[in-house]
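>>> Give me the fold of what follows.
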Amino acid sequence: MSTTTQLPHHRELFGHPIGLFVLFFTEMWERFSYYGMRAILVLYLVGLTDAVNPGLGWTNGEALALYGWYTMMVYVMSIPGGIIADKLLGQKKSVLVGGVLLLFGHSILAVEEMWAFYTGLVLIVCGVGMLKPNISTMVGGLYKKGDIRRDKGFTIFYIGINVGAFLSSLIVGYVGEVYGWHYGFGLAGIGMFLGIVQYMAGQKYLKDVGNFLGASQNEEEKAILNKPLTKIEKDRVVVLLISFLIVIVFWGAFEQAGGLMNIYTMEKTNRVLMGWEIPASWFQSLNAMFIIFLGTTVAAFWAKRKLKGKVSTSLFKMILGLIIMGAGFFFMTAATAQYESTGSSAMYWLVLAYLFHTIGELCLSPVALSFVTKLAPVKYASIMMGVYFAMTGFGSKLAGLLGEWSESLGEYTIFTGIAVFCVILGGLVLFIRPKLEMFTHGIEDNEVEMHEAEGFDLAEEK
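Numbering: from 1, shown residues only. Purely as a prediction, here's the structure:
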């Protein structure tokens, strides 16, 4: 069973444990590799076989189907990844194993053979499954229960994810589209290598988190961990599972970015700016760029609301995130309407859509990660994080299905349907939120008091 405890207070940087920044840069390079490959995957699949930079020549439907299965499995594998961490390796070693698998996977994709393509995808799926849930759980382990800095810490960590995503969409995307798809895949592998090096160099700041205790546990510790779940723990698990339904819908909509919106950008958007055509993959960087600029602002906004006693619970943030993200698809509705009337759509519709998607993501995704670490029973910490990422995977599969349906229903119907459904569902869950939060048994009620008791600087949060 892996366990996590807070690092000593003197090992801090900018008011947070130094270990947070070790994990920040590890995840940054892992996401550089993953999102770099994601930015060009669908474009490579639909690329013409007789082009200067040949792709596989698949139809849009075939490409989006593979994209859906791939992105689903990437996150579903987080369940066995969490189990392996909890039962065999601990989170710290599981992250390293995942990094190595990712390094081999991205490197093999650089080989221009179909066996290498599929082998690389399988290794990436396994690598993300080992790394993703466990590194997120380690972040939670850097903070004591009730520490108000936890949500902000996850937002800082989340910015690391998006620094990697931003750089990879520009660098890997450009190399892949201009010089060759497989050069882009290989460049993503270099990013993962740098992530592994950084992670190993920072181990001294992670001594107290993610360790596997195994046989070293004393009988008292084993007895505590082997106890059945209490009524309160069961109630909190129920709330988590219900919140996961929001997660599925959110990512089912959001992941259109790498699929249908990516193809739409390439085929139907006027990408010429001052005589130069912007690579389609570069638009994948907008989401990451907005997160980098807005991440701490959104986190500070919620922290300030909490300190003022206003509604700022995790469920409230997640519901609001779903509504805001869904509303962003109305801009894609406008884009498709413009295309149908003029034969081209402007880039600003994409920019506005990604802006709303980003604000929604900042309200939901890092908060959901933190929410899992708050509510999950200790002995199921990594497994529940794995389930969360599996729900993200199911959302990604839903995204692929919606993209496939666009071939028969049209982009206008899909984009508008997503927007309307997300806004209505968010409104309904918002209505029952107070009843749902009763089942958390006040897990977030004392965060401000704990913050003050620990002697942290409230002025910084305000």
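>>> Pull the contacting residues for residue 166.
Neighbouring residues of residue 166 by C-beta atoms under 8 Å, 6 or more residues apart in numbering: 285, 288-289, 292. (Glycine included, C-beta is placed from N, CA and C.)
>>> ditto for residue 128
Taking C-beta under 8 Å, 6+ apart as the test, what residue 128 contacts is 30, 34, 74-75, 77-78, 98, 102.
>>> Give me the mean pLDDT for the helix or strand it falls within.
Assigned by DSSP states H and E, residue 128 falls within helix 114-141. Helix 114-141 comes out with an average pLDDT of 90.
>>> could you point out which element follows it?
Immediately after helix 114-141, counting by DSSP H and E, sits helix 149-174.
>>> now that following helix, how far from the centre of its chain.
9 Å (C-alpha atoms, centre = their mean, to the nearest Å).
>>> just the angle between it and helix 114-141, please?
Using axes from the mean of the first three to the mean of the last three C-alpha atoms, to 10 degrees, the direction of helix 149-174 lies 160 degrees away from that of helix 114-141.
>>> now helix 149-174: mean pLDDT?
83.
>>> Could you look up the next helix or strand downstream of that helix?
Downstream of helix 149-174 (by DSSP H and E), the next one is helix 181-201.
>>> Reformat the contacts of residue 166 as TSV; add distance to residue 334, pLDDT and neighbour count.
Shown next, in TSV, are the contacts of residue 166 (distance: C-beta to C-beta, whole Å; pLDDT from 0 to 100; neighbours: other C-beta atoms under 10 Å):
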residue	distance to residue 334	pLDDT	neighbour count
285	22	87	22
288	23	86	24
289	22	90	18
292	26	86	17
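>>> ok, back up a step: among the contacts of residue 128, which one has the most neighbours?
residue 102 (31 neighbours; other C-beta atoms under 10 Å).
>>> Now that residue: closest residue in space, sequence neighbours ignored.
residue 127 (3.5 Å; C-beta to C-beta, 6 or more residues apart in numbering).
>>> mind checking how far the one you found is from residue 196?
11 Å (C-beta to C-beta, to the nearest Å).
>>> Looking only at neighbour counts, state which of those two leads.
Per other C-beta under 10 Å, whichever of residue 127 and residue 196 has more neighbours is residue 127, with 27 against 19.
>>> wait, the more buried one sits on residue 107?
No: counting by C-beta atoms under 8 Å, residue 127 stays clear of residue 107, with 11.4 Å between them.
>>> Now do the strands in this protein.
Counting by DSSP state E, the chain has strands at residues 2-4, 12-13, 16-17, 209-212, 272-273, 276-277.
>>> among the ones you listed, which is nearest residue 441?
Checking those against residue 441 by C-beta to C-beta gives strand 2-4 as the closest, at 21.5 Å.
>>> re earlier: so which of the strands of the chain comes closest to residue 310?
Across those, residue 310 has its closest neighbour in strand 16-17 (24.0 Å, C-beta to C-beta).
>>> Not counting its own residues, what contacts the closest one?
Applying C-beta under 8 Å, 6+ apart, the contact partners of strand 16-17 are 6-7, 11, 142-143, 149, 152-153, 156, 205.
>>> Repeat that for stretch 352-366.
With C-beta under 8 Å, 6+ apart as the test, stretch 352-366 has contacts from 151, 154-155, 157-158, 246-247, 250, 254, 257, 261, 283, 286-287, 290-291, 294-295, 298-299, 302, 317-318, 320-329, 331-332, 335.
>>> As CSV, could you dump the C-alpha coordinates of that stretch?
Only the C-alpha atoms of stretch 352-366 are listed here, as CSV (Å, rounded to 0.1, in the frame of the first residue of the first chain):
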residue,chain,number,x,y,z
LEU,A,352,-13.1,32.2,-28.4
ALA,A,353,-14.2,28.6,-28.2
TYR,A,354,-10.8,27.6,-26.8
LEU,A,355,-10.9,30.5,-24.3
PHE,A,356,-14.3,29.3,-22.9
HIS,A,357,-13.1,25.7,-22.9
THR,A,358,-10.0,26.7,-20.9
ILE,A,359,-11.9,28.7,-18.3
GLY,A,360,-14.3,25.7,-17.8
GLU,A,361,-11.3,23.3,-17.6
LEU,A,362,-9.6,25.4,-14.9
CYS,A,363,-12.8,25.3,-12.9
LEU,A,364,-13.2,21.6,-13.2
SER,A,365,-10.1,19.6,-14.0
PRO,A,366,-7.5,20.6,-11.3
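>>> I'd like the distance from that stretch to the chain centre, please.
On C-alpha atoms, centre = their mean, the centre of stretch 352-366 falls 12 Å from that of its chain.
>>> With that, I have no additional questions.
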